[in-house]
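next comes the sequence, and after it the predicted model I'd like to discuss.
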Amino acid sequence: MIIRTTAELARPARVLLALEPTGINPASLQLAVQLSHSLKAELRSLLMEDLALLRAATLPFAREIRGSGEDHPLDPVTLERSLRVSETRLREQVARQVEPRGIVWSMRSLRGSGLAALLDEWSLTDFMVLGRAPRTPWSTLPATGHAMLLYRNSDDLTHAQQVLSDLARSISPPLPQLTVETLRWVDVAQSLPLLRRCNPGLILLAGGSACWPSGELRALLEGLDCPVLLLPGEPSA
């Protein structure tokens, strides 16, 4: 299926952008901004702060191992200060992209159990964009390329294809021209190696948050260097 152009999509309530204190994925930010601008949807940036890490910082002799391999003392005051510095830096990065486009946006910290807390924020009409800070030197979505649409059952696939078709017919399509391949998701052990071999520029998830446990989302984000877009789900009958 080729994503192309024309007409207009029903407006989603929000575009949710997941952020981590370690940094921002430029391609994920670009995608979230494109979706919000094209669909005239509010952009909500959610900075995930893991409660497990915050609790660990209260333990005696807690240490932080940085990218250089050096370890440093970790305490609640130091960690909170580091999180606020990260929040300020990320807020500035997002603002530089969204404010010139007149997008309504907000950013707040989301303190909880990692991705599980993030999925609790999602509703059926939302798009959610995820993606860890890249480990390879790319910075934007490719102008052309391919995406993988992951699904668990045929009903979810049909609904997701309709969402993508509506996006492509919008006045200002938010996605680049992409060839979209479909893959029925089995589990991490079987499906993730296939995805790595395909090396897609974008992962699309059908079926809504109920279909994607936080552990599987984490495996996708850690195993691939591309943005992940959770598509709106289908309302229950």
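Thanks, I have the structure now.

just how off-centre is the longest helix anywhere in the chain within its chain?
Secondary structure assigned by DSSP state H gives helix 76-98 as the longest helix of the chain. Averaging C-alpha positions (C-alpha atoms, centre = their mean, to the nearest Å) puts helix 76-98 18 Å from its chain's average.

alpha carbons of the very next helix or strand once past that helix, as PDB, please.
Scanning forward in sequence from helix 76-98 by DSSP states H and E, the next helix or strand is strand 105-112. These are the backbone C-alpha positions of strand 105-112, laid out as PDB (Å, rounded to 0.1, in the frame of the first residue of the first chain):
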ATOM      1  CA  TRP A 105       1.000  22.200  22.900                       C
ATOM      2  CA  SER A 106       2.000  21.400  26.500                       C
ATOM      3  CA  MET A 107       4.600  19.400  28.300                       C
ATOM      4  CA  ARG A 108       4.400  17.800  31.700                       C
ATOM      5  CA  SER A 109       6.200  15.100  33.700                       C
ATOM      6  CA  LEU A 110       4.600  11.700  34.000                       C
ATOM      7  CA  ARG A 111       5.800   9.900  37.100                       C
ATOM      8  CA  GLY A 112       4.900   6.200  37.200                       C
END
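
now strand 105-112: buried residues?
By 16 or more other C-beta atoms under 10 Å, the buried positions in strand 105-112 come out as Trp105, Met107, Leu110, Gly112. Where C-beta positions appear, they are placed from N, C-alpha and C, glycine not excepted.

save these as JSON lines, and put in distance to Ser165 too.
Converted to JSON lines, those look like this (distance: C-beta to C-beta, whole Å):
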{"residue": "Trp105", "distance to Ser165": "27"}
{"residue": "Met107", "distance to Ser165": "31"}
{"residue": "Leu110", "distance to Ser165": "32"}
{"residue": "Gly112", "distance to Ser165": "34"}
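
give me the lowest-pLDDT entry from those residues.
Lowest in pLDDT among the buried residues of strand 105-112 is Gly112, which has 78.

now Leu183: which helix or strand?
Using DSSP H and E, Leu183 sits in strand 177-184.

can you tell me the closest non-neighbouring residue to Thr125?
By the measure of C-beta to C-beta, 6 or more residues apart in numbering, the closest residue to Thr125 outside its immediate chain neighbours is Ala13, 4.4 Å from it.

re earlier: wait, which of the buried residues of strand 105-112 is closest to Val33?
Trp105 (9.0 Å; C-beta to C-beta).

burial measure for the closest residue to that closest one other than its chain neighbours, as a count.
Counting by C-beta to C-beta, 6+ apart, Leu43 is the residue found nearest to Trp105 once chain neighbours are left out, at 4.1 Å. Around Leu43 there are 25 other residues, counting by other C-beta atoms under 10 Å.
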